[in-house]
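A.B. asks: Sequence and predicted structure are below.
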Amino acid sequence: MASCSGLKLWCKDAIKRLDTVQTAEVDIPEGVSGFRKLLAFLGPGLLVAIAYVDPGNFTTDISAGAQFQYQLVWMMLLSTVIGFILQLMSAKLGIVTGHDLATACRISYPKPVSITLWLTTEVAVIAADIPEVIGTAMALKILFGLPLWAGVLITGIDTLLFLAINLFGIRMLELLIGILVGVISVCFVVEMFMAAPPGVEVLKGFIPKLDFSDTDQVYTAVSLLGAVVMPHNLFLHSALVRSRKIKNTDEAKTEAIRYNAIESGLSLGISFIINMAIIVVAGAKFFPNPDYHNAGLENAGELLTSVFGGRWAGILFGIALLASGQSSTMTGTYAGQFVMEGFLNWKIAVWKRNLITRSVAIVPSLVVALIFGDKGSDSLIVLSQVILAVQLPYCMIPMLKITSSKKRMINPTLQNSLPFTIAGWALGCLVMAANVFLISTTISQLDGLFVETKANVIFAFICLVALVYFGFTVYLVLFNVDNVLEHVPSAMEETEAVEKLDEEQPLVNSVSDPGTPISING
């Protein structure tokens, strides 16, 4: 009977997991510190780090190594440091306020502004899913020889895989992502050592050096910076930290911020090693051959097999790419779920959310795969990176403003310090400026199209869109986020309410139970 009762409880909880993403799920042990306590916080950083090694990053890393060998390793290190600072702000927002970034935006901005932010974020989530679809399809082609269009269709099965994992809770998902990150790391570290790059030359790559007269090098460097910081990742991290049961005290929150900083640093350190390994392998094997300058996902496996002289190199790349695509899919679904629930306060089943996002991402991927083939798919990945770059200010600015607000961060000791605030805005401006360069350069490549059409009309339209875009950005910068427009109970408040109810429940049951004898002393 006990086993049947336990099974019923598990099934009930599993069904609940199919409907929504759980918060306050992982207990934080008391009376311990150091590594044992760190284990309780270990997980959210790994889920965030996977976006730093998604198939889109593979493309930019391969291009950087093939064209400029090890010269841009320093840019990848800088990008990772910037990403760490922004992710730490995102985690701090979730820990201190008890709200994810999407919810914080909803209760901070007027409804029209909040809806606009939601729509742009949804576009970014779908754009982030496109490289995952194409990357998985490319991996299936490398490993099993499947046509690209068939691989794109197979990626729809990811919904079922995610559902199966989600049944077992957030810790199981974190474990699986950790394993996949480990697989990616092993594959590329093995290839890096087999490539036998000159150590001194690789170390020189850590010295900042950029030839501004070389437009291609500047463009590639900016692409590395823009590809690392993903908009949906900032929404994701602020929500994932709420999966831990953190007490609603300044001391507990400060401790949680510290352990999340350590965990995020370790996770992003692993992502840097992976990205560096990809750049080094491409630099060692593809540079300086001009035939390899256009290396990308569509031919990387074949090229690696050729230059290493064995199919194992292509297989390792395919395995790493498959692990990257699958893990990015799962974390992207989580991000999309939190975005919709936070901005709209609209609960939608996790499987439905995954199905919608994946279906929308599959359509352009499938069309490009059928019409343009592998090369067109690489171009679609580049376009998706530009879309992400466009959306980035619309999540960075609200996050920077809320985490710097004394009123919103409750305690002055928990808000961003002045140096940290200045660093955050400076780095944020650097990333946004880099993305403006990336977008303008990409648009300028369409000059041939403008000549053949009504150039003036198109130019005027682009100027109008740019004016609206930058005007809205300035509005977000100037808007006062101190005033909360809607009270939404935080995860910590909800947990405290449930615990209080549980404590009162036995007393209520004892009074209402007719079988309880009542003694009246007269």
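C.D. replies: Nice, thanks for sending it over.
A.B. asks: Buried residues of the one helix or strand Ser185 maps to, list them for me.
C.D. replies: Using DSSP states H and E, Ser185 falls within helix 170-195. Neighbour-count burial for helix 170-195 flags 170, 173-178, 180-181, 183-185, 187-192, 195 (criterion: 16 or more other CB atoms under 10 Å). C-beta coordinates here come from the backbone N, C-alpha and C atoms, glycine included.
A.B. asks: Against Ile462, how distant is the spatially most central residue of the chain?
C.D. replies: Nearest to the geometric centre of the chain sits Asn233, at 3.0 Å (CA atoms, centre = their mean). Asn233 sits 28 Å away from Ile462, going by CB to CB, to the nearest Å.
A.B. asks: cool, Leu225 as well?
C.D. replies: Leu225 is 23 Å from Ile462, by CB to CB.
A.B. asks: In terms of neighbours, single out the busier of those two.
C.D. replies: Taking neighbours as other CB atoms under 10 Å, Leu225 and Ile462 compare with Leu225 leading, 24 against 14.
A.B. asks: didn't that one look like it was pressed against Trp74?
C.D. replies: No: applying CB atoms under 8 Å, one finds Leu225 not in contact with Trp74, separated by 11.2 Å.
A.B. asks: how near is Ser440 to Phe472?
C.D. replies: Here Ser440 is placed at a distance of 18 Å from Phe472 (CB to CB).
A.B. asks: the more surrounded of the two?
C.D. replies: Counted by other CB under 10 Å, Ser440 and Phe472 do not tie: Phe472 has more neighbours, with 17 against 11.
A.B. asks: any idea of the mean pLDDT in the helix holding Ser185?
C.D. replies: Average pLDDT, helix 170-195: 87.
A.B. asks: What helices and strands are in contact with that helix?
C.D. replies: Counting contacts by 3 or more CB pairs under 8 Å, 6 or more residues apart in numbering; DSSP states H and E, helix 170-195 packs against helix 44-49, helix 158-166, helix 250-285, helix 297-308, helix 311-344.
A.B. asks: how does it look with 7 Å?
C.D. replies: Here helix 170-195 touches helix 44-49, helix 158-166, helix 250-285, helix 311-344, going by 3 or more CB pairs under 7 Å, 6 or more residues apart in numbering; DSSP states H and E.
A.B. asks: so after it, what's the next helix or strand?
C.D. replies: Taking DSSP H and E, what comes next after helix 170-195 is helix 199-204.
A.B. asks: And whichever helix or strand comes after that following helix, what's buried?
C.D. replies: The element immediately downstream of helix 199-204 (helix or strand, assigned by DSSP H and E) is helix 215-228. Across helix 215-228, burial judged by 16+ other CB under 10 Å covers 217-228.
A.B. asks: contact partners of the next helix or strand after helix 215-228?
C.D. replies: Next in sequence after helix 215-228, counting helices and strands by DSSP H and E, comes helix 231-240. Residues outside helix 231-240 that contact it (CB atoms under 7 Å, 6 or more residues apart in numbering) are 44, 47-48, 51, 86-87, 90-91, 93-94, 100-102, 121, 124-125, 128, 331-332, 334-335, 338-339, 388, 391-392, 395-396, 399.
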